[in-house]
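Asks: sequence first, predicted model second:
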Amino acid sequence: MRLRFTKMHGLGNDFIVVDATRAPFELTPERIRFLADRHFGVGCDQLLVVEAPTQPGVDFRYRIFNADGGEVEQCGNGARCFVRFVHDRKLTDKTHIRVETQAGLIEPKLEADGQVTVNMGAPHLAPDDIPFDADSDAVVQPLSLGDVRVLITAVSMGNPHAVQVVADVDSAPVTVQGPAIENHVRFPARVNAGFMQVVDAHHIRLRVWERGAGETLACGTGACAAVVAGILRELLVSPVRVDTRGGSLSIAWAGPGSPVYMTGPAVTVFDAEIELD
Ligand SMILES: N[C@H](CCC[C@H](N)C(=O)O)C(=O)O
């Protein structure tokens, strides 16, 4: 099977993007893991599949697979790459599109300056919607990681996030606590683990250990979840600049029930083909 794909990234969070609008595209988890492998395959954090919509009034359907082969609900950096991909490949002449995902409808928009703004929808905060086995409905919850206990805020952007505040992201124990949080028993669907340093009320630094991919250079839904958590904890005021290791995003949120808006870049690196056995 010959697979045509485009390599893209959003602030270094990198993707293999496949156009499946004309022909169905069913890949096994094994093949996705092969494609995502940075030594034996192409290499990516996630594989994004562009499909025709399944419902009226929508332009495309968007499926997301982590490097571990699992399909997930949402990807923020991928949504920005998505609108650049469909626009550049002339799958649409629209610059503002409506896209259905497992997590619901999102609306990415290609701005005149090349940046992309995405209405990511409203965050979900009820524990059952994360899903999170919560001690209470408090914004901050203790989570035991064996010999240490961390204080997290659980937020879903369609995909689950556990966000904690740290003094310095550069020295934060991301590679130790990240996997422990990702696989914690109180997150039945596993979780993305965010480590947020508050610089000031409109500025944070963020690292994310992603579910199914490990630490990435940037995480769009993680940036949204961190800003939501920071505003709920009255540490942040919208809009917020989020500095990730791959660059900066701008996140805006007007409070519970309101959508989160994310603005940032989307870059095409190359087009290629690969023979899959
Ligand atoms: N690892 C995430 C999916 C990709 C999210 C991230 N790449 C983004 O930009 O939002 C999860 O399992 O929920």
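Replies: Done, it's in.
Asks: quick one: the helices in the stretch 101-250 of the chain?
Replies: If DSSP state H, counting those that start in this stretch is used as the criterion, the helices of the stretch 101-250 of the chain fall at 174-182, 220-232.
Asks: closest one to Phe5 among those helices?
Replies: Proximity to Phe5 (CB to CB) singles out helix 220-232 among those, at 20.3 Å. No exception for glycine: its C-beta is placed from N, CA and C like everyone else's.
Asks: could you check whether the closest one is close to the ligand?
Replies: Yes - shown here: helix 220-232 in contact with the ligand (CB under 6 Å from any ligand atom) through Gly220, Thr221, Gly222.
Asks: so what secondary structure elements neighbour that helix?
Replies: Contact partners of helix 220-232 among helices and strands, from 3 or more CB pairs under 8 Å, 6 or more residues apart in numbering; DSSP states H and E: helix 76-88, strand 148-156, strand 160-165, strand 192-200, strand 203-210, strand 240-244, strand 247-253, strand 260-264.
Asks: now those as CSV including mean neighbour count, distance to Lys109 and mean pLDDT?
Replies: Compiled in CSV, those are given as follows (neighbours: other CB atoms under 10 Å; distance: least, CB to CB, whole Å; pLDDT from 0 to 100):
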stretch, mean neighbour count, distance to Lys109, mean pLDDT
helix 76-88, 25, 7, 96
strand 148-156, 20, 23, 98
strand 160-165, 26, 23, 98
strand 192-200, 22, 24, 98
strand 203-210, 25, 23, 98
strand 240-244, 23, 19, 98
strand 247-253, 21, 14, 98
strand 260-264, 23, 9, 98
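Asks: format these as TSV; extra columns: distance to Pro56.
Replies: Shown next, in TSV, are these (distance: least, CB to CB, whole Å):
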stretch	distance to Pro56
helix 76-88	18
strand 148-156	26
strand 160-165	30
strand 192-200	32
strand 203-210	33
strand 240-244	35
strand 247-253	29
strand 260-264	25
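Asks: of these, which is nearest Ala103?
Replies: Shortest distance between Ala103 and the helices and strands packed on helix 220-232, using CB to CB, is found for strand 148-156: 8.2 Å.
Asks: compute the inter-axis angle for that closest one and strand 160-165.
Replies: Using axes from the mean of the first three to the mean of the last three CA atoms, to 10 degrees, one finds that strand 148-156 and strand 160-165 are set 130 degrees apart in direction.
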